[in-house]
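1. Sequence and predicted structure, then a few things I'm wondering about:
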Amino acid sequence: MIPVAPIIGLSPMDGITDEAFRLLQVSIARPNLLFTEFVSAEGLCRGGIKLFTHLLYSAIERPIIGQLFGKDPDSFYKSSVILAYLGFDGVDLNLGCPAKTVFQHGSGAALIANPTLAKTIIMATHSALSDYAQGKVKISELHLNQKTLDVLASQNRYSGYIPNPYRPTLSVKTRLGISQDISPDWISYLSPFLLILLLFMAVPSKRVILAWLTGSQLRPPPIWPMMPK
């Protein structure tokens, strides 16, 4: 387990934090927690085979969190089951990316302006992780094509993970707002649905983690469970 505090985490960075980068980071100075690059929830469950390279990891990287982005709740449900099947210690939802290609698609930070959809996505992910842990849904029931199933099997062989009922942690990475700080209302809206909220403040050329929130209360970072081997 990770101690309650302090936590040093490797942030998810698109085009940077692939497995080669993470392995290099671990060999030089190991963070307490690592994130993958963000991956399209819609793409994962619709046959985007190449996207699975972003989810390749080694056991030495644990605990590792897979990050998803998108706007379709059903895709988040299926993709969250996929991440649980691959043995990720947590699933993180990107509700904060301001990149035009993501924002204009209605994903990332655009969901701050669509709180009802954001809530639906969070609840869909929560249901997926709960259902998987309780054996209510199996990877074979997601209607994935054979190529995707073959890739999943290959990646589990690579990581050494044997699929078993387990509930990864659910977290959200977001921002204070889009064009202005609306954090009091935004946090109040999000926090009842979340286990962990990662709140970022946009400042010139960098981002600063302001707090981890559990439920509706501000608390220190949680003890992160390690995936059973």
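-> Yes, it's here. Numbering: from 1, shown residues only.
2. who touches the spatially most central residue of the chain in this structure?
-> Per C-alpha atoms, centre = their mean, the C-alpha nearest to the average position across the chain is that of residue 92, at 2.0 Å. For residue 92, the contacting residues are 12, 35, 65, 66, 67, 68, 171, 172, 173, 198, by C-beta atoms under 8 Å, 6 or more residues apart in numbering. Any C-beta I mention is one placed from the backbone N, CA and C, and that applies to glycine too.
3. That one - that's part of a helix, no?
-> No. Per DSSP: H, G, I helix; E, B strand; the rest coil, residue 92 lies outside any helix segment and is strand.
4. on that earlier part again, out of the contacts of residue 92, list just those in strands.
-> 35, 65, 66, 67, 68, 171, 172, 173, 198 (DSSP state E).
5. Adding pLDDT, write these out as TSV.
-> Putting those into TSV (pLDDT from 0 to 100) gives the following:
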residue	pLDDT
35	94
65	94
66	95
67	96
68	97
171	87
172	88
173	87
198	56
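6. so for the helix or strand hosting residue 187, what's the average pLDDT?
-> Here residue 187, judged by DSSP states H and E, is contained in helix 183-190. Here helix 183-190 scores 80 as its mean pLDDT.
7. what stretches of this protein score poorly on pLDDT?
-> 1-5, 193-229 (pLDDT under 70).
8. Just the strands from it, written as ranges.
-> Under DSSP E, the chain gives strands at 9-10, 33-40, 64-69, 90-95, 169-175, 196-203, 206-214, 217-219.
9. Please go through the protein and pick out the longest helix.
-> helix 115-133 (DSSP state H).
10. Buried residues, that one. List them.
-> Across helix 115-133, burial judged by 16 or more other C-beta atoms under 10 Å covers 117-122, 124-129, 131-132.
11. Please list all residues in contact with residue 64.
-> By C-beta under 8 Å, 6+ apart, the contact set of residue 64 is 22, 33, 34, 35, 36, 57, 88, 89, 90.
12. how near is it to residue 81?
-> Residue 64 sits 17 Å away from residue 81, going by C-beta to C-beta, to the nearest Å.
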